[in-house]
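K.L.:
after the sequence you'll find the predicted model.
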Amino acid sequence: MHENEISGIVIDAAIEVHRELGPGLLESVYEEALWYELAILRGLHVRRQQPVPAVYKGRVLKKTFRADLIVEKKVIVELKSVEYVIPTYYKILLTYLRLTKKKLGLLLNFNEELMKNGIRRVANGL
């Protein structure tokens with residue numbers, strides 16, 4: 001499955017979760033609901049809070065970051081439930097994409113009245 005196809009499914013699932021739960025909950029609630037929607041109801045391979053090591057000059061560092069969701073081993077999904085999405089969130093997601101050599105990430109802010117306003121695609125050479 002191609003990254004764009006996966007992202008379409010994730011976006012559709014995020015809209016469904018938002019329609020069901022509405023805005024204003026904790027990110028962890030949306031993470032669990034989106035995981036359930038994608039993995040259980042739609043049958044995709046989804047990893048939650050996946051540790052991803054950082055490598056510096058060939059050395060794997062002891063500190064890692066955790067991707068909220070990695071879907072089908074291709075798309076990183078970062079979840080937010082914030083008043084404003086600041087530019088730093090995009091930069092962080094882009095860094096995650098570069099470190100993992102993945103091409104596409106989605107930044108989803110569930111604290112919007114309409115979920116479509118909280119969806120941002122971040123590409124790494126796609």
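P.N.:
Ah, there it is. Residues are numbered from 1 along each chain as shown.

K.L.:
ok, residue 107 to residue 58 distance?
P.N.:
Going from residue 107 to residue 58 by Cβ to Cβ, to the nearest Å gives 30 Å. C-betas here are computed from N, CA, C, even on glycine.

K.L.:
who's more crowded, these two?
P.N.:
Per other Cβ atoms under 10 Å, whichever of residue 107 and residue 58 has more neighbours is residue 107, with 21 against 5.

K.L.:
and the more buried one, which of the three is it?
P.N.:
strand (DSSP: H, G, I helix; E, B strand; the rest coil).

K.L.:
show me where pLDDT drops low in this protein?
P.N.:
Within the chain, the stretches with pLDDT under 70 are 126.

K.L.:
apply 50 and report the result again.
P.N.:
Judged by pLDDT under 50, the chain has no weakly predicted residues.

K.L.:
name the single longest helix found in it.
P.N.:
Secondary structure assigned by DSSP state H gives helix 3-21 as the longest helix of the chain.

K.L.:
checking residue 121 next. Helix, strand or coil?
P.N.:
Applying three-state DSSP: residue 121 is strand.
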